[in-house]
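**Student:** Using only what follows, build the 3D model:
(2 chains)
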Amino acid sequence: SQTIHQWPATLVQPVGSPLSLECTVEGTSNPNLYWYRQAAGRGLQLLFYSVGIGQISSEVPQNLSASRPQDRQFILSSKKLLLSDSGFYLCAWSVRRRARGETQYFGPGTRLLVL
Amino acid sequence: GQQLNQSPQSMFIQEGEDVSMNCTSSSIFNTWLWYKQDPGEGPVLLIALYKAGELTSNGRLTAQFGITRKDSFLNISASIPSDVGIYFCAGQEDSGGSNYKLTFGKGTLLTVNP
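**Tutor:** Numbering: from 1, shown residues only, chains lettered A, B, ... in the order given. Okay, the predicted model is just below:
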(Lines give C-alpha, C1' and ligand atoms only; values in the text may rest on other atoms or scores of the structure.)
Protein backbone atom coordinates (compact mmCIF):
# COMPACT_ATOMS: atom_id res chain seq x y z
CA SER A 1 0.00 0.00 0.00
CA GLN A 2 1.01 3.58 -0.52
CA THR A 3 2.07 5.88 2.28
CA ILE A 4 3.11 9.51 2.34
CA HIS A 5 5.41 11.05 4.91
CA GLN A 6 6.11 14.65 5.81
CA TRP A 7 8.66 16.10 8.16
CA PRO A 8 9.06 17.82 10.35
CA ALA A 9 5.61 17.67 11.91
CA THR A 10 6.03 21.05 13.56
CA LEU A 11 8.51 23.84 12.99
CA VAL A 12 9.08 27.21 14.63
CA GLN A 13 11.42 29.48 12.68
CA PRO A 14 12.52 33.12 12.97
CA VAL A 15 11.76 35.59 10.22
CA GLY A 16 14.50 35.62 7.63
CA SER A 17 15.64 32.07 8.26
CA PRO A 18 15.68 29.38 5.53
CA LEU A 19 13.12 26.60 5.24
CA SER A 20 13.15 23.06 3.99
CA LEU A 21 10.13 20.77 4.26
CA GLU A 22 10.31 17.27 2.91
CA CYS A 23 7.69 14.91 1.54
CA THR A 24 8.24 11.32 0.46
CA VAL A 25 5.87 8.76 -0.97
CA GLU A 26 6.23 4.99 -0.72
CA GLY A 27 4.56 2.20 -2.62
CA THR A 28 3.99 3.90 -5.96
CA SER A 29 6.00 5.04 -8.95
CA ASN A 30 5.94 8.26 -10.94
CA PRO A 31 3.27 9.98 -8.84
CA ASN A 32 2.08 13.51 -9.32
CA LEU A 33 3.11 15.49 -6.25
CA TYR A 34 1.58 18.61 -4.77
CA TRP A 35 2.29 21.20 -2.07
CA TYR A 36 -0.62 23.03 -0.46
CA ARG A 37 -0.84 25.64 2.26
CA GLN A 38 -3.81 25.78 4.56
CA ALA A 39 -4.41 28.97 6.47
CA ALA A 40 -6.52 29.21 9.60
CA GLY A 41 -9.54 30.00 7.48
CA ARG A 42 -9.57 26.38 6.25
CA GLY A 43 -9.07 26.92 2.53
CA LEU A 44 -6.48 24.82 0.72
CA GLN A 45 -4.19 26.81 -1.56
CA LEU A 46 -2.20 24.92 -4.18
CA LEU A 47 1.40 26.14 -4.18
CA PHE A 48 3.28 23.77 -6.50
CA TYR A 49 2.77 20.57 -8.38
CA SER A 50 5.10 18.19 -10.17
CA VAL A 51 4.45 15.52 -12.78
CA GLY A 52 8.01 14.19 -12.82
CA ILE A 53 11.58 14.58 -11.59
CA GLY A 54 12.76 18.14 -12.03
CA GLN A 55 9.36 19.30 -13.34
CA ILE A 56 7.80 21.93 -11.11
CA SER A 57 4.79 24.13 -11.79
CA SER A 58 4.16 27.11 -9.56
CA GLU A 59 0.65 28.25 -8.90
CA VAL A 60 1.24 31.33 -6.80
CA PRO A 61 4.19 33.76 -7.01
CA GLN A 62 5.66 33.90 -3.55
CA ASN A 63 8.59 33.49 -1.26
CA LEU A 64 8.69 29.73 -1.66
CA SER A 65 10.17 27.26 -4.14
CA ALA A 66 9.84 23.54 -4.71
CA SER A 67 12.12 20.83 -6.03
CA ARG A 68 11.77 17.18 -6.93
CA PRO A 69 15.21 15.59 -6.83
CA GLN A 70 13.87 12.02 -6.89
CA ASP A 71 10.74 10.35 -8.20
CA ARG A 72 9.06 10.11 -4.82
CA GLN A 73 10.57 13.08 -3.03
CA PHE A 74 9.20 16.60 -3.03
CA ILE A 75 10.82 19.48 -1.15
CA LEU A 76 9.43 22.89 -0.27
CA SER A 77 12.01 25.58 0.42
CA SER A 78 12.52 29.21 1.20
CA LYS A 79 15.68 31.26 1.45
CA LYS A 80 14.17 33.81 3.84
CA LEU A 81 10.93 33.19 5.68
CA LEU A 82 8.30 35.87 6.13
CA LEU A 83 5.71 36.10 8.87
CA SER A 84 3.05 35.44 6.25
CA ASP A 85 4.61 32.04 5.49
CA SER A 86 3.14 30.66 8.72
CA GLY A 87 0.54 27.97 8.14
CA PHE A 88 -0.15 24.30 7.74
CA TYR A 89 1.68 22.78 4.77
CA LEU A 90 0.29 19.68 3.15
CA CYS A 91 1.89 17.40 0.61
CA ALA A 92 -0.27 15.20 -1.59
CA TRP A 93 0.24 12.58 -4.28
CA SER A 94 -1.85 11.11 -7.05
CA VAL A 95 -1.49 8.62 -9.85
CA ARG A 96 -2.76 9.52 -13.28
CA ARG A 97 -5.46 7.27 -14.60
CA ARG A 98 -6.73 7.82 -18.11
CA ALA A 99 -10.22 6.59 -17.35
CA ARG A 100 -10.48 8.58 -14.16
CA GLY A 101 -9.55 11.95 -12.86
CA GLU A 102 -6.99 12.79 -10.24
CA THR A 103 -7.51 11.35 -6.78
CA GLN A 104 -5.16 13.02 -4.36
CA TYR A 105 -4.00 11.57 -1.04
CA PHE A 106 -2.62 13.85 1.61
CA GLY A 107 0.23 13.58 4.05
CA PRO A 108 -0.03 14.39 7.76
CA GLY A 109 1.10 17.99 7.27
CA THR A 110 3.72 20.31 8.74
CA ARG A 111 2.73 23.13 11.07
CA LEU A 112 5.03 26.11 10.44
CA LEU A 113 5.13 29.10 12.74
CA VAL A 114 7.31 32.02 11.74
CA LEU A 115 8.10 34.43 14.56
CA GLY B 1 -10.50 30.66 -11.68
CA GLN B 2 -12.94 27.89 -10.91
CA GLN B 3 -14.63 27.99 -7.52
CA LEU B 4 -16.67 25.50 -5.62
CA ASN B 5 -19.54 26.55 -3.42
CA GLN B 6 -19.73 24.26 -0.42
CA SER B 7 -22.59 24.48 2.04
CA PRO B 8 -23.30 24.73 4.81
CA GLN B 9 -20.17 26.36 6.24
CA SER B 10 -20.87 24.79 9.63
CA MET B 11 -23.34 22.49 11.31
CA PHE B 12 -24.18 21.75 14.92
CA ILE B 13 -26.13 18.54 15.36
CA GLN B 14 -27.09 16.01 18.01
CA GLU B 15 -25.59 12.57 18.05
CA GLY B 16 -27.74 10.20 16.01
CA GLU B 17 -28.94 12.80 13.52
CA ASP B 18 -28.33 12.59 9.80
CA VAL B 19 -26.18 15.19 8.04
CA SER B 20 -26.18 16.45 4.48
CA MET B 21 -23.75 18.81 2.77
CA ASN B 22 -23.20 19.68 -0.86
CA CYS B 23 -20.95 21.37 -3.38
CA THR B 24 -21.77 23.09 -6.64
CA SER B 25 -19.58 24.37 -9.44
CA SER B 26 -20.04 26.54 -12.48
CA SER B 27 -18.09 24.13 -14.69
CA ILE B 28 -18.47 20.48 -15.54
CA PHE B 29 -16.35 18.16 -13.42
CA ASN B 30 -15.17 14.63 -14.21
CA THR B 31 -14.24 13.80 -10.63
CA TRP B 32 -15.73 14.61 -7.26
CA LEU B 33 -13.92 13.79 -4.02
CA TRP B 34 -14.93 14.12 -0.39
CA TYR B 35 -12.36 14.45 2.40
CA LYS B 36 -12.49 14.72 6.17
CA GLN B 37 -9.89 16.63 8.14
CA ASP B 38 -9.33 16.29 11.88
CA PRO B 39 -7.57 19.12 13.74
CA GLY B 40 -3.84 19.19 13.07
CA GLU B 41 -3.95 16.37 10.52
CA GLY B 42 -4.06 16.04 6.77
CA PRO B 43 -7.36 15.50 4.93
CA VAL B 44 -8.37 11.87 4.57
CA LEU B 45 -10.19 10.69 1.46
CA LEU B 46 -13.67 9.43 2.26
CA ILE B 47 -15.30 8.83 -1.11
CA ALA B 48 -14.26 9.27 -4.75
CA LEU B 49 -16.78 9.65 -7.58
CA TYR B 50 -15.92 9.38 -11.27
CA LYS B 51 -19.22 9.11 -13.18
CA ALA B 52 -22.29 11.30 -13.41
CA GLY B 53 -25.07 9.81 -11.32
CA GLU B 54 -22.68 7.57 -9.37
CA LEU B 55 -23.83 6.87 -5.83
CA THR B 56 -21.18 5.46 -3.50
CA SER B 57 -21.26 4.48 0.16
CA ASN B 58 -18.54 4.10 2.74
CA GLY B 59 -20.08 2.85 5.96
CA ARG B 60 -22.49 5.51 7.19
CA LEU B 61 -21.35 7.91 4.47
CA THR B 62 -23.01 8.21 1.07
CA ALA B 63 -22.00 10.56 -1.73
CA GLN B 64 -23.39 11.17 -5.18
CA PHE B 65 -22.00 12.66 -8.38
CA GLY B 66 -24.72 14.94 -9.74
CA ILE B 67 -26.32 14.19 -13.10
CA THR B 68 -25.42 17.64 -14.41
CA ARG B 69 -21.76 16.98 -13.39
CA LYS B 70 -21.80 20.32 -11.61
CA ASP B 71 -22.65 19.19 -8.10
CA SER B 72 -22.16 16.53 -5.47
CA PHE B 73 -23.54 15.81 -2.03
CA LEU B 74 -22.35 13.91 1.02
CA ASN B 75 -24.70 12.38 3.57
CA ILE B 76 -23.74 11.03 6.98
CA SER B 77 -26.31 8.87 8.70
CA ALA B 78 -26.69 8.36 12.45
CA SER B 79 -23.86 10.74 13.36
CA ILE B 80 -21.50 9.91 16.21
CA PRO B 81 -19.06 12.15 18.13
CA SER B 82 -16.05 11.01 16.08
CA ASP B 83 -17.70 12.46 12.94
CA VAL B 84 -16.59 15.88 14.20
CA GLY B 85 -14.23 17.60 11.79
CA ILE B 86 -14.06 19.61 8.60
CA TYR B 87 -15.43 18.02 5.45
CA PHE B 88 -14.09 19.18 2.10
CA CYS B 89 -15.37 18.57 -1.37
CA ALA B 90 -12.96 18.70 -4.28
CA GLY B 91 -13.41 18.35 -7.98
CA GLN B 92 -11.47 18.16 -11.19
CA GLU B 93 -12.61 20.02 -14.27
CA ASP B 94 -13.19 18.07 -17.45
CA SER B 95 -10.47 19.67 -19.56
CA GLY B 96 -9.26 16.91 -21.83
CA GLY B 97 -6.94 15.01 -19.53
CA SER B 98 -4.18 17.55 -19.07
CA ASN B 99 -5.48 19.06 -15.87
CA TYR B 100 -3.80 17.68 -12.76
CA LYS B 101 -5.31 20.10 -10.33
CA LEU B 102 -8.23 19.87 -7.97
CA THR B 103 -10.52 22.68 -6.93
CA PHE B 104 -11.51 22.58 -3.26
CA GLY B 105 -14.54 23.82 -1.42
CA LYS B 106 -14.00 25.88 1.71
CA GLY B 107 -15.16 23.11 3.98
CA THR B 108 -18.07 22.30 6.28
CA LEU B 109 -17.27 22.30 9.98
CA LEU B 110 -19.31 19.58 11.68
CA THR B 111 -19.90 19.55 15.42
CA VAL B 112 -21.73 16.64 17.01
CA ASN B 113 -23.16 17.03 20.49
CA PRO B 114 -23.22 13.75 22.43
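**Student:** Show me what from chain A comes close to chain B.
**Tutor:** A:6, A:32, A:41-44, A:46, A:49, A:51, A:59, A:90, A:92, A:94, A:96, A:98-109, A:111 (CB under 8 Å from any CB of the partner chain). (C-beta placed from N, C-alpha, C; glycine too.)
**Student:** thinking in terms of the whole chain, how far from its middle is stretch B:57-75?
**Tutor:** 7 Å (CA atoms, centre = their mean, to the nearest Å).
**Student:** repeat for stretch B:9-16
**Tutor:** 15 Å.
**Student:** That stretch vs chain A: in contact?
**Tutor:** No - if you take CB under 8 Å from any CB as the test, stretch B:9-16 misses chain A, and the best it gets is 9.1 Å.
**Student:** what's around residue B:21, how many residues?
**Tutor:** 23 (other CB atoms under 10 Å in any protein chain shown).
**Student:** Please compute how far the one helix or strand it maps to lies from its chain's middle.
**Tutor:** Here residue B:21 is covered by strand B:19-25, with elements defined by DSSP states H and E. With CA atoms, centre = their mean as the basis, strand B:19-25 stands 6 Å off its chain's centre.
**Student:** which other residues reach the least confident helix or strand in chain B by mean pLDDT?
**Tutor:** Here the helix or strand of chain B ranked lowest by mean pLDDT, DSSP states H and E is strand B:103-104, holding a mean of 91. With CB atoms under 8 Å, 6 or more residues apart in numbering or on different chains as the test, strand B:103-104 has contacts from A:43-44, B:1-4, B:25, B:88-93.
**Student:** Could you check the angle whichever helix or strand comes after that strand makes with strand B:19-25?
**Tutor:** Using DSSP H and E, the helix or strand that follows strand B:103-104 in sequence is strand B:108-113. Here strand B:108-113 runs at an angle of 180 degrees relative to strand B:19-25 (axes from the mean of the first three to the mean of the last three CA atoms, to 10 degrees).
**Student:** one step back: tell me the average confidence for the strand holding residue B:21?
**Tutor:** In this model, strand B:19-25 carries a mean pLDDT of 97.
**Student:** Show me what that strand is packed up against.
**Tutor:** strand B:4-7, strand B:10-14, strand B:71-76, strand B:85-93 (3 or more CB pairs under 8 Å, 6 or more residues apart in numbering or on different chains; DSSP states H and E).
**Student:** how many degrees apart are the second one and strand B:71-76 in direction?
**Tutor:** Relative orientation of strand B:10-14 with respect to strand B:71-76: 30 degrees, computed using the same axes, to 10 degrees.
**Student:** buried set for stretch B:37-57?
**Tutor:** B:37, B:42, B:43, B:46, B:47, B:48, B:49, B:50, B:52, B:56 (16 or more other CB atoms under 10 Å in any protein chain shown).
**Student:** following the strand holding residue B:21, which helix or strand comes up?
**Tutor:** By DSSP H and E, the next helix or strand past strand B:19-25 is strand B:29-37.
**Student:** who touches that following strand?
**Tutor:** A:100-104, A:106, B:23, B:43-50, B:61, B:63, B:65, B:69-70, B:72, B:74, B:85-94, B:102, B:107.
**Student:** Mind giving me the PyMOL select for those residues, buried ones only?
**Tutor:** Selection of buried members from these for PyMOL, criterion 16+ other CB under 10 Å:
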select buried, (chain A and resi 101+102+103+104+106) or (chain B and resi 23+43+46+47+48+49+50+61+63+65+69+70+72+74+85+86+87+88+89+90+91+92+93+102+107)
